[in-house]
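Trainee: need coordinates for the following:
(one chain, ligands or ions: 1)
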Amino acid sequence: MKLYETSFVAVSLKMIEWFRMKRSDKSNTVKKAIMPEKPNTLTFKQTLKMRRNYVGRSCKLHYEVAPLKIVRGSKQYLYDDSGNEYLDCVNNISHVGHCHPHVVNAGQEQMSKLMTCFGFLSDLQVAYAKRIVEMLPENLCVCYFLNSGAYHGNTENLIKISPSRLKQHNMPIDDWVHVVPCPDVYRGKYREDNVSPGHLYANEVKVAIAKALDKGRTISAFICEPVMTSAGTVVPPANFFKLVYRYVREAGGVCIADEVQTGLGRCGEAYWAFESHDVVPDIITLGKPMGNGHPMSMVVTTKEISDSLKEFSSAYGGNPVACAMGMAVLDVIRNEHLLSSAKSVGKCLKDGFQAILQKHRLMGDVRGAGMLVGVEIVEDKESRKPNKDAAEALVYKLKEKKIITSNEGPDKNVIIFQPPMCFTCENAATVVKAVDDALTEVEEEDRQVSMSSDIIVPLSVITASKHKLSSDDEDDDDEYESPSKRFYEGVD
Ligand SMILES: Cc1ncc(COP(=O)(O)O)c(C=O)c1O
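Mentor: As a prediction, this is how the structure comes out:
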């Protein structure tokens, strides 16, 4: 037996050596072509090339036309590979600021002590759960730890309850899903000039419930973000949730508030966005900001609902590193008064945008709650028709002005601002000025395009061409460095 083992080890070592030689042959070839001596020293173009070679094409890049290579983050700022500083207005995951030292230290310290995802007792885990429960209404008292929500339509059932994903995948709505109109009082079915849009939108839910019941179905749940974030920063009108929660519960369903983006104080003053609607959900989902970038998420529910579940497990959910970092995030929110800051700084931002609203023909609406603000870009104030091209052009122009944001919403025409919560009123003033200037430029380009009668060129093409590499640049393989003039498709 011993002999057998020894000879087996000898053979294995030989094989490993052979594989290693083969691999080093191969990696040498790769190395010559694109690998530098040290990691993190790839040129922009090399990184882009490797991304194309090794990362799935369906994984979208922000600024698809001219992506950024961000190499460092601190507070509300991000730094690219050329050392340019950007004001980050979209990374709501880095809730208390990029690389906050208190959170980083907590993670590092715990990582050096213990990181196991196995089902052992953990002081950190129970302490974190207790702390979250104490921040919630009494009925929400049982926690389930996870590390992500899989909401983005990565599982079939979640695609089925995500109308935007259904549209994207060209899938029909299943008969167990009932999609109700988005309670958008700017461009939705019932607008701000109605006496009580909240009642009207809630009535749509009531009708949907009645129709489902008529068909012999039963209602299990209603799921909605208290403020719709990626759906275009839609703040539902007064009484909407109060009435909907009543109708759903009367039909035997439970109410789920998705607080993944809005939770932990983003909407100002309170920890949870549902609080401003004066409702208490039966289930809440939490995620993004919890670990300040470290994957961490949670479902909190009532004892009754929890007891109805048979078994649950999550490989990484509630691991000690995540809990240590999550606990540090809660410390920072409290110590740095980030709830009140979200309210006051968010107001600076919103007021700033309101002040330039009338000046800009393409600026349709400004709305939001706390440090979650959206600016809707339209063709004109009268029609309120969404203007995706102008919104996209604006996002790229803001990038040139070193401000990172994104165009979201079903029509991709709402510019969203949800920066790390350490954002200041001074930052808000910088952003408002940049938006003011960029919109003036976009409007001027738009005017020129509409005056040209010979060629009709969409606005986005004009903007994109500014970023496109010239054919000379395309041939220039390793030397290409300038971060602002790159075109994804031009790199082969
Ligand atoms: C509102 C909302 N809920 C849930 C999620 C799910 O997060 P994850 O990407 O961890 O699945 C997201 C992610 O973008 C989100 O925006």
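Trainee: sec struct for Cys59, please.
Mentor: Of the three states, Cys59 takes coil under DSSP: H, G, I helix; E, B strand; the rest coil.
Trainee: what residues does it make contact with?
Mentor: By C-beta atoms under 8 Å, 6 or more residues apart in numbering, no residues touch Cys59. For glycine as for every other residue, the C-beta is placed from the backbone atoms N, C-alpha and C.
Trainee: next helix or strand past the host helix or strand of Asn157?
Mentor: Assigned by DSSP states H and E, Asn157 falls within helix 156-160. Using DSSP H and E, the helix or strand that follows helix 156-160 towards the C-terminus is helix 163-169.
Trainee: ok, Val373 - how many residues close by?
Mentor: Other residues near Val373 number 25, with proximity taken as other C-beta atoms under 10 Å.
Trainee: distance of the nearest residue to it once chain neighbours are set aside from Pro67?
Mentor: Closest residue to Val373 apart from its sequence neighbours, by C-beta to C-beta, 6 or more residues apart in numbering: Phe417 at 4.4 Å. From Phe417 across to Pro67, the span is 21 Å (C-beta to C-beta, to the nearest Å).
Trainee: the more surrounded of the two?
Mentor: More crowded of Phe417 and Pro67, by other C-beta under 10 Å: Phe417, with 26 against 19.
Trainee: circling back to that earlier point, any chance of the backbone angles for the residue nearest to Val373?
Mentor: When quoted as degrees, to the nearest 10, the phi and psi of Phe417 stand at phi -130, psi 100.
Trainee: so it touches Ala434, yeah?
Mentor: No. Phe417 is beyond contact range of Ala434, at 11.2 Å (criterion: C-beta atoms under 8 Å).
Trainee: can you map out the strands along the stretch 51-200 of the chain?
Mentor: Under the criterion DSSP state E, counting those that start in this stretch, the stretch 51-200 of the chain contains strands at 70-74, 77-80, 85-88, 142-146.
Trainee: next, Cys267: phi, psi?
Mentor: Cys267 has phi and psi values of phi -80, psi 10 when expressed as degrees, to the nearest 10.
Trainee: how far away is Arg52 from the ligand?
Mentor: Applying C-beta to the nearest ligand atom, to the nearest Å, the value for Arg52 to the ligand is 23 Å.
Trainee: hmm, I was thinking of Thr285
Mentor: To the ligand, Thr285 is 6 Å away according to C-beta to the nearest ligand atom.
Trainee: name the nearest residue to the residue in the stretch 201-350 of the chain positioned nearest to the ligand, sequence neighbours excluded.
Mentor: Using C-beta to the nearest ligand atom, Val260 is the residue of the stretch 201-350 of the chain that sits closest to the ligand, at 3.4 Å. Leaving aside its chain neighbours, Val260 sits nearest to Gly287 (4.0 Å; criterion: C-beta to C-beta, 6+ apart).
Trainee: who's the residue in the stretch 351-492 of the chain positioned nearest to the ligand bridged to?
Mentor: Proximity to the ligand, evaluated over the stretch 351-492 of the chain using C-beta to the nearest ligand atom, is greatest for Glu408 at 9.9 Å. Following DSSP bridges, Glu408 is listed with bridge partners Val414.
Trainee: and what of Phe222?
Mentor: Note on Phe222: beta-bridge partners by DSSP bridges are Cys255.
Trainee: mind checking pLDDT for Arg165?
Mentor: On the pLDDT scale, Arg165 is placed at 80.
Trainee: re earlier: Lys130 versus the residue of the stretch 201-350 of the chain closest to the ligand, what's the distance?
Mentor: Using C-beta to C-beta, we find Val260 at a distance of 21 Å from Lys130.
Trainee: more neighbours: the two, which one.
Mentor: Using other C-beta under 10 Å as the criterion, Val260 and Lys130 rank with Val260 on top: 22 against 12.
Trainee: hang on, the earlier thing: need the contact list for the residue nearest to Val373.
Mentor: By C-beta under 8 Å, 6+ apart, the neighbours of Phe417 are Cys89, Val90, Leu349, Gly368, Met371, Leu372, Val373, Gly374, Val375, Thr405, Val431.
Trainee: tell me the confidence at the fourth one?
Mentor: The pLDDT attached to Gly368 in the predicted structure is 97.
Trainee: and the stretch 251-400 of the chain, which of its residues are near the ligand?
Mentor: Asp258, Val260, Gln261, Gly287, Ser297 (C-beta under 6 Å from any ligand atom).
Trainee: hey, what's the last one bridged with?
Mentor: Spelled out, it's Ser297. Leu146.
Trainee: wouldn't it be in contact with Gly287 here?
Mentor: Yes. Contact criterion C-beta under 8 Å: Ser297 and Gly287 qualify, at 3.6 Å.
Trainee: how about Lys401, nearest residue that isn't a chain neighbour?
Mentor: Ala434 (4.4 Å).
Trainee: phi, psi for that neighbour please.
Mentor: Torsion angles, degrees, to the nearest 10, at Ala434: phi -60, psi -40.
Trainee: burial count for it?
Mentor: 20.
Trainee: ok, Asp278 next?
Mentor: 11.
Trainee: how about it: what's its closest non-neighbour residue?
Mentor: Nearest one to Asp278, counting by C-beta to C-beta, 6+ apart, is Lys242 at 6.1 Å.
Trainee: distance across stretch 50-58, terminal residue to terminal residue?
Mentor: With C-alpha to C-alpha, to the nearest Å as the measure, stretch 50-58 spans 15 Å from end to end.
Trainee: buried residues in that stretch, which are they?
Mentor: Neighbour counts over stretch 50-58 (16 or more other C-beta atoms under 10 Å) mark Arg51 as buried.
Trainee: quick one: mean pLDDT for that stretch?
Mentor: 94.
Trainee: gap between that stretch and the chain center?
Mentor: Its chain's C-alpha centre and that of stretch 50-58 lie 21 Å apart, by C-alpha atoms, centre = their mean, to the nearest Å.
Trainee: go on, stretch 417-428?
Mentor: Per C-alpha atoms, centre = their mean, the centroid offset for stretch 417-428 relative to its chain is 16 Å.
Trainee: is any residue of it near the ligand?
Mentor: No. Using C-beta under 6 Å from any ligand atom, stretch 417-428 stays clear of the ligand, coming no nearer than 10.3 Å.
Trainee: related to what we said a few turns ago, which of the residues of the stretch 251-400 of the chain next to the ligand count as buried?
Mentor: The buried subset of these (16+ other C-beta under 10 Å) comprises Asp258, Val260, Gln261, Gly287, Ser297.
Trainee: got a markdown table for the residues you listed, with pLDDT, secondary structure and distance to Gly326 too?
Mentor: Listed next are these as a markdown table, based on pLDDT from 0 to 100; DSSP: H, G, I helix; E, B strand; the rest coil; distance: C-beta to C-beta, whole Å:
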| residue | pLDDT | secondary structure | distance to Gly326 |
| --- | --- | --- | --- |
| Asp258 | 96 | strand | 18 |
| Val260 | 96 | coil | 14 |
| Gln261 | 96 | coil | 16 |
| Gly287 | 96 | coil | 11 |
| Ser297 | 96 | strand | 10 |
